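J.: give me a model of this one.
(4 chains)
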2 protein chains.
Amino acid sequence: MARAATTSDVFNAIAEPQRRELLVLLRAGERPVTELAQELGMTQPGASKHLRVLREVGLVRDRKAGKQRLYGLDARGLRPVHEWTGGFERFWNESFDRLDAYVQDLKQARQEE
Amino acid sequence: MARAATTSDVFNAIAEPQRRELLVLLRAGERPVTELAQELGMTQPGASKHLRVLREVGLVRDRKAGKQRLYGLDARGLRPVHEWTGGFERFWNESFDRLDAYVQDLKQARQEE
DNA sequence: CGATCATATTCCTATATCGGCATACGTCAA
DNA sequence: TTGACGTATGCCGATATAGGAATATGATCG
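T.: The predicted model follows:
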């Protein structure tokens, strides 16, 4: 089997650095493709393809505005990623010396995921 | 060019669902490969390969324990992902074309509860 | 040493990219 | 309609997978 499709879920979609850059740029507001491409130093077809992936996983929405097509952020899909990583928060705040204590705690409530 | 290597960064490493499952499982403590593989219904070589990727991006560390090799979580690498997604937190509840107004609505609604 | 258990690596196949280039499509203006 | 502009899509080549099977490496014990 090959790698999963980038359009399969948000985790795959944001694995691409340029797509992450696109998302960051879109926090400033809606933008047409050409502007995004230019600002990130990518070609127009390149930007279009990445935006397509982002749209297919729901991280981006598009809207026609005359000749242009404005892309805008829909960051709701990033929330699950934030929450999933947040499930590890206590592990990066604690030194490894004290991890064992947490491990014991977790062993009791171990059927969470 | 193809997609960047999974070993290049954490975003790519956690794009794989089985690797995420491994990480979740490791929150309960160190485990040998075979146990992890069995619990997740994967083959031993499959588990070994995924653990290798996780180790190369630093999300997992291993330690010899006799015949076995115990894998343990090192979740510090997940923090950048958490923080990156956190940068979109205020957009999660965004109404696509009227962010500011919607944010105000939410703030008010929250206070009225 | 030889046997056995635990884990890692190699070889293989099928597939999903990502980027570049050319081009098709869609919309507006004259 | 024709042309110009903005955007999307199709095709290509090169590469990095993920999974399966077989095998190699490593460690322990009798």
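J.: other SSEs contacting the longest helix anywhere in chain A?
T.: The longest helix of chain A (DSSP state H) is helix A:44-56. Helix A:44-56 makes packing contacts with helix A:10-13, helix A:17-26, helix A:33-40, strand A:60-65 when contacts are defined by 3 or more CB pairs under 8 Å, 6 or more residues apart in numbering or on different chains; DSSP states H and E. C-betas here are computed from N, CA, C, even on glycine.
J.: kindly export the shortest one (C-alpha atoms) in CSV.
T.: So that's helix A:10-13. Output in CSV follows, covering the C-alpha atoms of helix A:10-13 (Å, rounded to 0.1, in the frame of the first residue of the first chain):
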residue,chain,number,x,y,z
VAL,A,10,-6.6,17.0,8.1
PHE,A,11,-3.5,15.3,9.6
ASN,A,12,-2.3,14.4,6.1
ALA,A,13,-3.3,17.7,4.6
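J.: run the chain-centre distance for it.
T.: Relative to its chain's centre, helix A:10-13 lies at 6 Å (CA atoms, centre = their mean, to the nearest Å).
J.: so what's the residue nearest to the spatial centre of chain A up against?
T.: Chain A has residue A:14 as the residue nearest its centroid, 3.9 Å off, counting by CA atoms, centre = their mean. Taking CB atoms under 8 Å, 6 or more residues apart in numbering or on different chains, we find residue A:14 in contact with A:20, A:23, A:59, A:78, A:81, B:11.
J.: ok, the second one touching residue A:54?
T.: Yes - the pair residue A:23 and residue A:54 qualifies as a contact (CB atoms under 8 Å) at a distance of 7.0 Å.
J.: could you report the pLDDT at the residue lying closest to residue A:74 once chain neighbours are set aside?
T.: In space, and not counting its chain neighbours, residue A:74 is closest to residue A:61: 5.0 Å by CB to CB, 6 or more residues apart in numbering or on different chains. With respect to pLDDT, residue A:61 has a value of 96.
J.: and residue A:61, what does it touch?
T.: Residue A:61 sits next to A:55, A:71-74, B:96 when contact means CB under 8 Å, 6+ apart.
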